[in-house]
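1. Quick one, what's the 3D model for this:
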Amino acid sequence: MILITGASGNVGGAVLRELLKSRSAVRAMVRSKEEAAKAPQGATAVIADFADQPSLRRALEGIDTVYLVCSPVRELVELEGNMIDACGAAGVKHLVLNSALGAGDFSKSFPSWHRKVEDKLKASGMNYTILRPNGFMQNLIAYFAPSIRAQGAFYQSTGNAKISHIDLGDIAAAAAGILRSAAQHAGKIYELQGPEALSYAEVAEKISKVTGRQVQYVDIPPDAQRKALLNMDMPDFLVTALLELQEYYAAGNASRVDGTLESLIHRAPTKMDDFLKENADQFREQAAKA
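-> Numbers count the residues shown, from 1 in each chain. Model (predicted):
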């Protein structure tokens with residue numbers, strides 16, 4: 001049986017739904033009774049917490065394969081490390097880790113946190129597969145849609161750098177395929193890139209086209225972005241991590257396009273135009289008034 005951690009979150013939830021399409025035997029790990037009650041049909045929910053080892057032991061009973069993903073919290077290394085320890089003690093055969101692009105070569109921000117977890121997993125003796133996805137297309141909605149709706153603009157500090165954004169559904173499809181045939185992917189590290197590298201100015205043009213309104217990308221100094229994020233009550237550690245990650249993107253490190261993702265999902269990955277067309281209302285003015 002497969003255990004999906006973070007099953008009520010964006011990434012874990014997407015992987016869970018993808019596995020259920022093939023009627024895989026799957027258990028959804030969540031943190032509360034309320035989340036357990038929302039588990040999709042076909043999944044068995046279990047309540048557990050990365051900080052609670054007894055709950056992890058219960059969650060891992062009868063499990064041979066685990067998908068590990070954690071929110072970008074300050075304690076990520078400790079919490080995911082707890083899960084790796086629990087998996088080792090429970091005799092889990094294979095762990096698939098959701099890491100991040102840059103974990104192999106960037107010593108700051110989220111990638112550096114994930115690298116510490118990767119190293120612990122490699123030393124655990126378990127079979128493993130590591131996924132390092134690029135930035136999600138869905139982040140365009142989460143981070144940029146509010147200012148696009150209100151001002152027709154969004155703001156970043158990445159200059160003209162290109163990024164090969166990836167659709168969350170494609171990540172889920174890749175992860176689900178690996179979980180269903182884990183032995184074939186033992187010891188592999190997959191860097192998952194989207195199908196095209198685009199600058200934010202090019203993304204703004206595409207949003208303008210699908211929404212029928214002019215949308216502009218505004219490149220701002222990092223200090224100005226830090227102030228804006230802090231004014232939104234974002235924790236200082238998270239602001240620093242986000243700005244450091246932008247350094248990585250601005251240097252052109254997230255622009256590669258290759259065939260790895262397509263080889264894992266056995267179809268063409270989602271392109272930005274298709275994603276924006278499906279989510280166009282999220283960027284239109286009326287979406288904010290609905």
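2. What segments of the stretch 101-250 of the chain are helices?
-> Listed in chain order, the helices of the stretch 101-250 of the chain (DSSP state H, counting those that start in this stretch) span residues 109-122, 138-139, 145-151, 168-180, 200-211, 222-231, 236-250.
3. Distance from the chain centre to the shortest one, please.
-> What that stands for is helix 138-139. 9 Å (Cα atoms, centre = their mean, to the nearest Å).
4. What of the fourth one?
-> If you compare the mean C-alpha spot of helix 168-180 with that of the full chain, they lie 12 Å apart, counting by Cα atoms, centre = their mean.
5. Okay, buried residues for it please.
-> Going by neighbour count (16 or more other Cβ atoms under 10 Å), the buried part of helix 168-180 is Leu168, Gly169, Asp170, Ile171, Ala172, Ala173, Ala174, Ala175, Ala176, Gly177, Ile178, Leu179. Any C-beta I mention is one placed from the backbone N, CA and C, and that applies to glycine too.
6. What is it packed up against?
-> The helices and strands touching helix 168-180, judged by 3 or more Cβ pairs under 8 Å, 6 or more residues apart in numbering; DSSP states H and E, are helix 10-21, strand 65-68, strand 94-98, strand 127-133, strand 188-192, helix 260-265.
7. among the ones you listed, which is nearest Asp52?
-> strand 65-68 (15.7 Å; Cβ to Cβ).
8. So which elements touch that closest one?
-> Applying 3+ Cβ pairs under 8 Å, 6+ apart, one finds that strand 65-68 makes contact with strand 2-4, helix 76-90, strand 94-98, helix 168-180.
9. hang on, the earlier thing: now mean neighbour count and mean pLDDT too, for the helices and strands packed on helix 168-180, in JSON lines please.
-> Putting the helices and strands packed on helix 168-180 into JSON lines (neighbours: other Cβ atoms under 10 Å; pLDDT from 0 to 100) gives the following:
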{"stretch": "helix 10-21", "mean neighbour count": "22", "mean pLDDT": "96"}
{"stretch": "strand 65-68", "mean neighbour count": "27", "mean pLDDT": "98"}
{"stretch": "strand 94-98", "mean neighbour count": "23", "mean pLDDT": "98"}
{"stretch": "strand 127-133", "mean neighbour count": "22", "mean pLDDT": "98"}
{"stretch": "strand 188-192", "mean neighbour count": "18", "mean pLDDT": "98"}
{"stretch": "helix 260-265", "mean neighbour count": "18", "mean pLDDT": "98"}
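10. that older thread, please render the helices and strands packed on strand 65-68 as TSV that adds distance to Gly125 to the earlier fields.
-> Shown next, in TSV, are the helices and strands packed on strand 65-68 (distance: least, Cβ to Cβ, whole Å):
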stretch	distance to Gly125
strand 2-4	19
helix 76-90	7
strand 94-98	11
helix 168-180	19
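11. what's the closest of the ones you listed to Arg27?
-> Between Arg27 and these, the tightest spacing by Cβ to Cβ is seen for strand 2-4, at 4.9 Å.
12. and that closest one, what does it pack onto?
-> Under the contact definition 3+ Cβ pairs under 8 Å, 6+ apart, strand 2-4 sits against helix 10-21, strand 26-30, strand 65-68.
13. Take the first one, keep the C-alpha atoms, and write them as CSV.
-> Once non-C-alpha atoms are left out, helix 10-21 reads as follows in CSV (Å, rounded to 0.1, in the frame of the first residue of the first chain):
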residue,chain,number,x,y,z
ASN,A,10,-1.9,21.1,-3.1
VAL,A,11,0.9,18.7,-4.1
GLY,A,12,0.0,15.7,-2.0
GLY,A,13,-3.7,16.1,-2.9
ALA,A,14,-2.9,16.1,-6.6
VAL,A,15,-0.8,13.0,-6.3
LEU,A,16,-3.5,11.3,-4.2
ARG,A,17,-6.1,12.0,-6.9
GLU,A,18,-3.9,10.8,-9.7
LEU,A,19,-3.3,7.5,-7.9
LEU,A,20,-7.0,7.0,-7.3
LYS,A,21,-7.6,7.2,-11.1
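14. Please consider this matter closed, and thank you.
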